[in-house]
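>>> Mind folding the following:
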Amino acid sequence: MSRLFVGLVKARQAQISRMWVQQRATYIHDKPPKDKIGGVESVFVLTVMSVAILGPSGWILSNLDHYKVRK
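Numbers count the residues shown, from 1 in each chain. Sure thing, here's the model as predicted:
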């Protein structure tokens, strides 16, 4: 009997927490963007971000043998 009660209490707490998050999210309002971003700008930014993140790791992986040598 106590397991059933504990399960019901946990289910109720989860439901209350979901309702609280849902209620809190209703206060968030959004404005339309000031400037529209085109496809070329989006591709440029994604390319720069990819090179900035993957470039250093690619450099290290390509020169891994050089870094293994102890002097």
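
>>> For the protein, give me the ranges with low pLDDT.
Counting by pLDDT under 70, the chain contains low-confidence residues at 1, 4-5, 15-28, 71.

>>> can you pull out the helices in it?
For the chain, the helices defined by DSSP state H occupy 2-25, 39-62, 64-68.

>>> Skipping its backbone neighbours, what lies nearest Y67 in space?
I60 (7.1 Å; Cβ to Cβ, 6 or more residues apart in numbering). No exception for glycine: its C-beta is placed from N, CA and C like everyone else's.

>>> Kindly reformat the helices of the chain as TSV containing distance to P32 and mean neighbour count.
Below are the helices of the chain laid out as TSV (distance: least, Cβ to Cβ, whole Å; neighbours: other Cβ atoms under 10 Å):
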stretch	distance to P32	mean neighbour count
helix 2-25	19	9
helix 39-62	17	10
helix 64-68	48	8
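
>>> Select, out of those, the one closest to P33.
Closest to P33 of the helices of the chain is helix 39-62 (Cβ to Cβ; 12.2 Å).

>>> I'd like to know which elements the closest one is packed against.
Taking 3 or more Cβ pairs under 8 Å, 6 or more residues apart in numbering; DSSP states H and E as contact, there are no helices or strands that helix 39-62 lies on.

>>> Just the C-alpha atoms of stretch 29-37, please, in CSV.
This file holds the C-alpha atoms of stretch 29-37, laid out as CSV (Å, rounded to 0.1, in the frame of the first residue of the first chain):
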residue,chain,number,x,y,z
HIS,A,29,7.5,37.3,-24.9
ASP,A,30,9.4,37.7,-28.1
LYS,A,31,9.8,40.5,-30.6
PRO,A,32,10.3,40.2,-34.3
PRO,A,33,14.0,40.6,-35.4
LYS,A,34,15.1,44.1,-36.3
ASP,A,35,16.9,42.9,-39.4
LYS,A,36,16.3,39.8,-41.5
ILE,A,37,19.3,37.5,-41.8
